[in-house]
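Undergrad: The sequence and its predicted three-dimensional model are supplied below.
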Amino acid sequence: MKKDVVKIEAMNDKFTQMNSIAKQGAIVFLGSSVFSEFPVCELARSFDLDETIYNRSVKDLSIYEAFDLLKSSVTDLCPRKLFIEIGEADIQTEGFDPEDFIAKYEFLLYTIHNETKAKIYIVSIVDKNAGPVNKLLKKMADDTGCDYIDASDAVSSSKPELKLFNLLIFHLRSGKIDFSDAMNYVSVS
């Protein structure tokens, strides 16, 4: 897969500038198309979620490009939680090899584990053809000590962004939820 070097350099510059005012120890989202268009910060505010969240996602980000963004999008922020959603661009490429993809993804996780203390959540690929790869992602999450979040049916929802947020919200919170919070979150689905 050929890298879009200009896109990656521009995003590295943008993220580095943003990181100069960012708080360390926050929650970070790193992903591709679904996360790049996901208004997680706005949804978190709407549900009174008092967490600092940074979305470092890039449309059509491949697993190969994620390595080139890792420093500016993740490790410089020293996140306490990291949500990764990568794969849409990869599975749509000609000659896609699921085993190679998983091997690269596992090395990405290994690198993150070595450079941060983040709790890592792997979010499934949201694509109708991703079923077999999502099974491999779930197994990899189990093998690497990460949590797996199956978001594959979020796109088919009448409110896909709210459905995805509903799947993530319990993992975003730092503390315990009270009954009122639980009722608000249930109403999202």
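TA: Now that the structure is in, tell me what you want to look at.
Undergrad: got the contact list for the residue most central in space within the chain?
TA: For the chain, the residue nearest the mean C-alpha position is I84 (2.6 Å; CA atoms, centre = their mean). I84 is in contact with L30, G31, L108, L109, I120, Y121, I122, V123, counting by CB atoms under 8 Å, 6 or more residues apart in numbering. Any C-beta I mention is one placed from the backbone N, CA and C, and that applies to glycine too.
Undergrad: Surely S72 touches Q17?
TA: No. Counting by CB atoms under 8 Å, S72 does not reach Q17; the two are 9.3 Å apart.
Undergrad: Name whatever forms a beta bridge with the residue nearest to D147 when sequence neighbours are not counted.
TA: Of all residues not flanking D147 in the chain, Y121 sits nearest, at 4.8 Å (CB to CB, 6 or more residues apart in numbering). Per DSSP bridges, the residues bridged to Y121 are F83, D147.
Undergrad: Okay, buried residues for stretch 14-21 please.
TA: Applying a neighbour-count criterion of 16 or more other CB atoms under 10 Å, one finds F15, N19 buried in stretch 14-21.
Undergrad: Stretch 87-107 now?
TA: Buried residues in stretch 87-107, counted by 16+ other CB under 10 Å: G87, E88, A89, D90, I91, P98, F101, I102, K104, Y105.
Undergrad: Alright, calling it a day.
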